[in-house]
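Colleague: what follows is a predicted structure for the sequence shown.
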Amino acid sequence: MQEAPFPAVEMRGIVKRFPGVVAVDQVDLDVRAGEIHALLGENGAGKSTLMNVLAGLYRPDAGQIIIHGRRADVRSPRDAIALGIGMVHQHFMLVQSQTVTENILLGLDEPRFYLPLARYHQRVAQLSERFGLRVDPKARIWQLSVGEQQRVEILKMLYRGTDVLIMDEPTAVLAPQEIQELFRTLRSMTREGKSIIFISHKLREVMQVADRITVLRKGRVTAGGLDKDSTSTDELARLMVGRQVLFRVEKTAQTPGQVVLSVEDVWAESDKGLPALRGLSLQVRTGEILGLAGIAGNGQRELAEVITGLRCATSGRVMMQEQELDSGCTLTAIRRGVSHVPEDRTQVGSAPNLSLTDNLIMKNYRKEPIAQGWAISQTAASAWASDLKQAYDIIAPSVDVPARLLSGGNLQRLILAREIATQPRVLVAVQPTRGLDVGAIEGVQRLLLAQRGAGAAILLISEELDELFALSDRVAVIYEGRIAGEVAAEDRETVGLMMTGEWLEPARSNER
């Protein structure tokens, strides 16, 4: 392909300020036609803010945007789309009750009064076939997997004629197989001359898929337009966080104690009323981490919610040292010493519109000194929150700002601070490092190991096998709501077979 005379996108001297912080500070970026350009940086580095400026969601305080050699005034997402710029956000913007085709057509000027669905189903099908984005145009969004929903978001942009596609942390919610399918799709798009801006913090994926890389740290460019072949993951990590990063935490050997958490023959239903847990049993001991591996949708979320009281079991029981937890009662679980780091940080793990203080005292507002009779001492609450903010390095202007203004990494630190401050006997951590950068991942893993050393029983639910094997004392695999088996040491082949349902215990195999 002949190289274009101008970059597809140039951003020059971009500045974006928010109250108390300069999120983007004099940033330059150029993206060529037909390339995948990775925008790399730790959480809060300014990656998403910079791309929200390009997508028309934010107005820059200074700087200019140049599209194909011409200066552009991007005042709104409509302006960006008209210029051929589209953005697929980390949290999808789809109407769950409508079909794939209806979501793709939303907001367009055509059709206006009459919708010949069969014709538009065919157009969507042709577009999905062209770029390898397999999805049923007639399916409703709620019926689709996370990976399929992401394909719909990409199809929305392609249908609108997007030439520059911004992908904000696109692999954060995908299984490994879906990630590879996404990469193939992105490559098919660049072969047609389209440009991809790939926002990420995952170094291995960036090195696999990107052509060039720009690194941000604290709102500034630390390296611009690096050729992938001229750098390394170690160098990129140092550019991201400003120090050498250890990619594997050290875990000391220790002997687990008595059983603290026991899940016994538990059955539970999903939100759709279908069986999610099918007679699942497991045990976790003091001073150990039990890792639970599995492909998303095999009952992990329902298991965590049954243990923490967010979901009622239809049968079976959850025991805490010979005492049964009341099914569907979060208060009982909290009082017995169960802490929960949920998968969804914004909708479940925090109250985004409340302050850091309100979020940090959620499990302690009934206790002195925060509780003063029926009232809450704001002085004590602020002091408690300030201490946790400092101890867990939560970066925010003050403890009075809303939690929704925190970056993903800082929000996760807030949740961990609140949950660990209760000195839990049992800690249920679901995808605790999902969406975090290498520095934040290292910090979260150290916190989990510190709780293990303090004698907590930890159930670590994750789709990251590297993380499970690095942290866990034992690894169990969940498949279709049951425990498929357990391994004591790193055995990826066996775990992979269990995750896909292709492995049978010897006794069951002999029965066949």
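Modeller: Received, thanks.
Colleague: so where's the stretch 301-450 of the chain shaky on pLDDT?
Modeller: Scanning the stretch 301-450 of the chain for pLDDT under 70 picks out the ranges 435, 437.
Colleague: so residue 45 touches residue 214, yeah?
Modeller: No. Using Cβ atoms under 8 Å, residue 45 makes no contact with residue 214, being 10.9 Å away. C-betas here are computed from N, CA, C, even on glycine.
Colleague: quick one: end-to-end length of stretch 303-314, please.
Modeller: 12 Å (Cα to Cα, to the nearest Å).
Colleague: same deal with stretch 456-470?
Modeller: 18 Å.
Colleague: flag every buried residue along that stretch.
Modeller: Judged by neighbour count (16 or more other Cβ atoms under 10 Å), stretch 456-470 contains these buried residues: 456-465, 467-470.
Colleague: please apply the same query to stretch 20-30.
Modeller: 21, 23, 24, 25, 27, 29, 30.
Colleague: just the buried residues of stretch 223-231, please?
Modeller: 223, 225, 226, 228, 231.
Colleague: please name the nearest non-neighbouring residue to the first one.
Modeller: Meaning residue 223. Nearest non-adjacent residue to residue 223, counting by Cβ to Cβ, 6 or more residues apart in numbering: residue 215, 4.4 Å away.
Colleague: could you say which helix or strand holds the one you found?
Modeller: Using DSSP states H and E, residue 215 sits in strand 212-217.
Colleague: name the helices or strands packed onto that strand?
Modeller: The contact analysis (3 or more Cβ pairs under 8 Å, 6 or more residues apart in numbering; DSSP states H and E) places strand 212-217 against strand 36-41, strand 220-227, helix 233-241.
Colleague: residue 458: what secondary structure?
Modeller: strand (DSSP: H, G, I helix; E, B strand; the rest coil).
Colleague: my read: it touches residue 289, true?
Modeller: Yes. Counting by Cβ under 8 Å, residue 289 is a contact partner of residue 458 at 4.4 Å.
Colleague: what do the two both touch?
Modeller: Listed contacts common to residue 458 and residue 289 are 448, 452; contacts here mean Cβ atoms under 8 Å, 6 or more residues apart in numbering.
Colleague: average pLDDT for the strand holding residue 215?
Modeller: Mean pLDDT, strand 212-217: 93.
Colleague: re earlier: what sits against the residue nearest to residue 223?
Modeller: Neighbours of residue 215 in contact, by Cβ under 8 Å, 6+ apart: 40, 41, 221, 222, 223, 224, 226, 236, 239, 240.
Colleague: show me the shaky parts of the stretch 101-250 of the chain.
Modeller: In the stretch 101-250 of the chain, residues with pLDDT under 70: 112, 172-173, 175-177, 243-249.
Colleague: tell me where it has strands.
Modeller: Per DSSP state E, counting those that start in this stretch, the stretch 101-250 of the chain carries strands over the ranges 164-168, 195-200, 212-217, 220-227.
Colleague: tell me which element residue 385 falls in.
Modeller: Here residue 385, judged by DSSP H and E, is contained in helix 378-391.
Colleague: ditto for residue 449
Modeller: Using DSSP H and E, the element containing residue 449 is helix 438-453.
Colleague: list the buried ones in stretch 86-103?
Modeller: Across stretch 86-103, burial judged by 16+ other Cβ under 10 Å covers 86, 87, 88, 89, 90, 92, 94, 99, 100, 101, 102, 103.
Colleague: returning to that earlier point: widest-spaced pair of the buried residues of stretch 223-231?
Modeller: With Cβ to Cβ as the measure, no two of the buried residues of stretch 223-231 lie farther apart than 223 and 228, at 11.9 Å.
Colleague: identify the contacts common to these two.
Modeller: With Cβ under 8 Å, 6+ apart, residue 223 and residue 228 have common neighbours residue 213.
Colleague: that older thread, of the buried residues of stretch 86-103, which belong to helices?
Modeller: 100, 101, 102, 103 (DSSP state H).
Colleague: save the buried residues of stretch 86-103 as a markdown table, and put in distance to residue 180 too.
Modeller: A markdown table is the format used below for the buried residues of stretch 86-103 (distance: Cβ to Cβ, whole Å):
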| residue | distance to residue 180 |
| --- | --- |
| 86 | 23 |
| 87 | 23 |
| 88 | 18 |
| 89 | 22 |
| 90 | 19 |
| 92 | 20 |
| 94 | 23 |
| 99 | 27 |
| 100 | 22 |
| 101 | 26 |
| 102 | 29 |
| 103 | 25 |
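Colleague: domains for the protein, by residue range?
Modeller: Listed by automatic domain parsing, the domain ranges of the chain are 9-241, 259-337+424-511, 351-423.
Colleague: turn those into TSV, including distance to residue 344.
Modeller: TSV is the format used below for the domains of the chain (distance: least, Cβ to Cβ, whole Å):
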stretch	distance to residue 344
domain 9-241	10
domain 259-337+424-511	9
domain 351-423	11
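Colleague: out of the ones you listed, which is closest to residue 250?
Modeller: domain 259-337+424-511 (8.3 Å).
Colleague: off-centre distance for the closest one?
Modeller: Computed by Cα atoms, centre = their mean, to the nearest Å, the chain-centroid distance of domain 259-337+424-511 equals 18 Å.
Colleague: same deal with stretch 10-30?
Modeller: Per Cα atoms, centre = their mean, the centroid offset for stretch 10-30 relative to its chain is 24 Å.
Colleague: now the end-to-end length of it.
Modeller: Counting by Cα to Cα, you get 4 Å between the two ends of stretch 10-30.
Colleague: and that stretch, average pLDDT?
Modeller: On average, stretch 10-30 scores 91.
Colleague: chain neighbours aside, what residue packs nearest to residue 85?
Modeller: For residue 85, the spatially nearest residue (Cβ to Cβ, 6+ apart) is residue 164, at 4.7 Å.
Colleague: quick one: that neighbour from residue 309, how far?
Modeller: 46 Å (Cβ to Cβ, to the nearest Å).
Colleague: one more: residue 479?
Modeller: 25 Å.
Colleague: try residue 42
Modeller: Distance of residue 42 to residue 309, given as Cβ to Cβ: 34 Å.
Colleague: and what of residue 151?
Modeller: Counting by Cβ to Cβ - residue 151 and residue 309 are separated by 35 Å.
Colleague: tell me, how many residues neighbour residue 403?
Modeller: If you count neighbours by other Cβ atoms under 10 Å, residue 403 ends up with 25.
Colleague: repeat for residue 417
Modeller: Residue 417: 22 neighbours (other Cβ under 10 Å).
Colleague: and it, what helix or strand is that in?
Modeller: helix 408-420.
Colleague: for that helix, which helices and strands make contact with it?
Modeller: strand 338-341, helix 356-360, helix 378-391, helix 438-453.
Colleague: what does the longest one rub up against?
Modeller: Just to be clear, that refers to helix 438-453. With Cβ under 8 Å, 6+ apart, helix 438-453 has contacts from 42-43, 201, 203, 237, 240-241, 243, 245-247, 249, 251-252, 254, 287-289, 393, 409, 412-413, 416, 420, 424, 427, 429, 432-433, 436, 458, 460, 467, 470-471.
Colleague: relative to helix 408-420, how tilted is it?
Modeller: 10 degrees (axes from the mean of the first three to the mean of the last three Cα atoms, to 10 degrees).
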